[in-house]
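*Asks:* With the input below, show me the fold.
(one chain, ligands or ions: 1)
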Amino acid sequence: MDMSDVRIYEASDAAPRPALQSIARGFGGACPSCGLGRLFHRFLKVSDNCPECGEAFHHHQADDAPPYFTIMIVGHIVVPMMLWLELNHLPPLWVHAILWPALTLVLSLWFLPRLKGAIVGWQWALRMHGFGDEPEHDPRGL
Ligand SMILES: [Zn+2]
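*Replies:* Next up, the predicted model:
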């Protein structure tokens, strides 16, 4: 990357993109730009464009961040509950065998799309990966 690619958005006339609002909209599955259009067209498939305002989402590179944060959050919820139940009530083993995998699955399926939306919203707010106002750039140099 040469220095001509570096942009300081605080000093530019680009419209501000509030990060917390964008993250909250993405967490709710809404477009980080307008808050009206749906961010996903399937469970974890991000739409190419917002159906309301046309904002392009195909730039997003959430990659492994949503599962990473999902594992971290769900683990910090389930493991203390498991330890508390075991230490305070000594339930039979079958209770652990049924309860914790089911709770882990439900919580993971609930958090994963929300955290992916939040990551996409954050990337949009930070103008990462082509979410800026610059013209489309073909990575092949064409
Ligand atoms: Zn939109």
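*Asks:* going forward, measure contacts and count neighbours with C-alpha atoms only.
*Replies:* Will do.
*Asks:* Next one: the longest helix that the chain contains, is it in contact with the ion?
*Replies:* When the chain is parsed with DSSP state H, its longest helix is helix 93-125. No: using CA under 5 Å from the ion, helix 93-125 never reaches the ion; the gap is at least 11.2 Å.
*Asks:* Quick check: mean pLDDT of that helix?
*Replies:* Averaging pLDDT along helix 93-125 gives 96.
*Asks:* Show me what that helix is packed up against.
*Replies:* helix 19-27, helix 65-89 (3 or more CA pairs under 8 Å, 6 or more residues apart in numbering; DSSP states H and E).
*Asks:* and Ala15, helix, strand or coil?
*Replies:* coil (DSSP: H, G, I helix; E, B strand; the rest coil).
*Asks:* Who are the contact partners of the spatially most central residue of the chain?
*Replies:* In the chain, the centroid-proximal residue (CA atoms, centre = their mean) is Lys116; its distance is 2.4 Å. With contact set as CA atoms under 8 Å, 6 or more residues apart in numbering, Lys116 has these partners: Gly26, Phe27, Leu44, Ala62, Ala65, Pro66.
*Asks:* From Met128, how far out is it?
*Replies:* Distance, Lys116 to Met128, using CA to CA, to the nearest Å: 15 Å.
*Asks:* Get me the contact residues on this protein for the ion.
*Replies:* Applying CA under 5 Å from the ion, we find that the chain lies next to the ion at Cys31, Cys34, Gly37, Cys50, Cys53.
*Asks:* Looking at neighbours, which among the residues you listed is most surrounded?
*Replies:* Cys31 (32 neighbours; other CA atoms under 10 Å).
*Asks:* So which of the helices and strands packed on helix 93-125 is nearest His96?
*Replies:* helix 65-89 (7.7 Å; CA to CA).
*Asks:* by contact count, what packs against that closest one?
*Replies:* By 3+ CA pairs under 8 Å, 6+ apart, helix 65-89 packs against helix 93-125.
*Asks:* okay if I get the helices and strands packed on helix 93-125 as JSON lines plus distance to Ala97, mean pLDDT and mean neighbour count?
*Replies:* Shown next, in JSON lines, are those (distance: least, CA to CA, whole Å; pLDDT from 0 to 100; neighbours: other CA atoms under 10 Å):
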{"stretch": "helix 19-27", "distance to Ala97": "31", "mean pLDDT": "94", "mean neighbour count": "22"}
{"stretch": "helix 65-89", "distance to Ala97": "11", "mean pLDDT": "97", "mean neighbour count": "14"}
